[in-house]
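Q: For reference, the sequence and a predicted model appear below.
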Amino acid sequence: LPQGISLFGPDRRVRLVNPAYAAIMGDAAAQPGEAMAQLIERRRRAGEYGQGAAADSYAIEAGTDFQHAARRRRSRPDGTIIDVRTRPLPDGGHISVVTDVTLEVAAQAEAERRTRMLDLMMAHVNHGMVLFDADERVVLFNSQGEALAGIEPGWLRPGHTRQEIILHLRARGIYGRGPEADRMAQDFSSRDP
C-alpha cells in the first residue's frame, strides 16, 4: 500500500506499522511497543507539530478521541503535508492511515493560482469572449462577451448551450423581427463552430 498504516491496541500502544508508514513519517514514525503519549511527546520535542500557532496540532493530536473516526491534515517540518485518518477497531484499539498529499496539495494550489489569473485576465481583457466545450456548452465567458453578443448581464451561465444562446438572442430581438430574424437565427444555428 502507498498509505502508511499504524495499528494501536486498546492499551494505546503501537502494535505494528507498515513500510510505507515508516517511509512517510521518517524519524517521527511510531515504533512497535511505543505508547501513544510517548509518541506524541517525542514528536512534539522534535518539532513535528510546529511552533507557535502551528503547535495547536499538538493539542489536537493529544486530545484525539480514537473511538470515533477522524480525519485531519497537517504540515510537517520537512515541508510534506499529510492526511491522517483514524478509525476505531472492535478490540478498543484504532488504526491510523497516513497519506502524503504534498503533491496533490501543490497541484491544487497551482490550479487555484491559474484560475485566479484566468479570472483576472477575463475580467480585464478588452475583447468579448465566450468559451464553449466540445458539446457547445458555455465553459466560461467575460462581461464584454455578454455585452458584445447582446446578452443582458446575469443571464449567461456555464452550461448554457450555443443553441440556447441563439434562441435567447432571437427572443430578445437582437436579430430583428419577423422572417429575417428567423433566418438569421437559423443561419447562426447551422454554422459549424
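A: Perfect, I can see it now. Numbers count the residues shown, from 1 in each chain.

Q: Output the longest helix belonging to this structure.
A: helix 102-124 (DSSP state H).

Q: What lies in contact with the helix or strand that comes right after that one?
A: Helices and strands here follow DSSP states H and E; after helix 102-124, the next one along the chain is strand 130-132. Strand 130-132 is contacted by residues 138-141, 145-146, 149, 156, 162, 165, 193 when judged by C-beta atoms under 8 Å, 6 or more residues apart in numbering. For the C-beta atoms, the positions are set from N, CA and C on the backbone; glycine is no exception.

Q: Of these, which qualify as buried by neighbour count?
A: The neighbour count (16 or more other C-beta atoms under 10 Å) marks 138, 141, 145-146, 156, 162, 165 as buried among the contacts of strand 130-132.

Q: can the residues you listed go into JSON lines with extra columns for distance to E112 and pLDDT?
A: Output for the buried ones among the contacts of strand 130-132, formatted as JSON lines (distance: C-beta to C-beta, whole Å; pLDDT from 0 to 100):
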{"residue": "V138", "distance to E112": "22", "pLDDT": "93"}
{"residue": "F141", "distance to E112": "20", "pLDDT": "88"}
{"residue": "G145", "distance to E112": "23", "pLDDT": "85"}
{"residue": "E146", "distance to E112": "25", "pLDDT": "86"}
{"residue": "L156", "distance to E112": "24", "pLDDT": "92"}
{"residue": "R162", "distance to E112": "29", "pLDDT": "93"}
{"residue": "I165", "distance to E112": "29", "pLDDT": "92"}
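
Q: Which ones among the residues you listed lie within helices?
A: Those of those mapping onto helices are 145-146, 162, 165, per DSSP H.

Q: Going by distance to T86, which of the buried ones among the contacts of strand 130-132 wins?
A: Among those, V138 lies closest to T86 (C-beta to C-beta), at 43.3 Å.

Q: ok, and the closest non-adjacent residue to the closest one?
A: H160 (4.7 Å; C-beta to C-beta, 6 or more residues apart in numbering).

Q: Of the contacts of strand 130-132, just say which sits nearest to P77.
A: For those, the nearest to P77 is L140 (39.7 Å; C-beta to C-beta).

Q: From T99, how far off is the residue nearest to the closest one when sequence neighbours are not counted?
A: Excluding its sequence neighbours, the residue lying closest to L140 (C-beta to C-beta, 6+ apart) is L131, at 5.0 Å. For L131, the distance to T99 (C-beta to C-beta, to the nearest Å) stands at 35 Å.

Q: Of these two, which one has the most company?
A: Per other C-beta atoms under 10 Å, whichever of L131 and T99 has more neighbours is T99, with 18 against 13.

Q: Bridge partners for that one, pull those for me.
A: Note on T99: beta-bridge partners by DSSP bridges are D83.

Q: and what of A35?
A: R13.

Q: ok, back up a step: now the two most distant members of the ones in helices among the buried ones among the contacts of strand 130-132.
A: The most widely separated members of those are E146 and R162, with 14.4 Å between them, by C-beta to C-beta.

Q: before we move on, back to that, tabulate the contacts of strand 130-132 (TSV), appending distance to I95.
A: Output for these, formatted as TSV (distance: C-beta to C-beta, whole Å):
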residue	distance to I95
V138	46
V139	42
L140	43
F141	48
G145	52
E146	53
A149	56
L156	49
R162	52
I165	53
P193	53
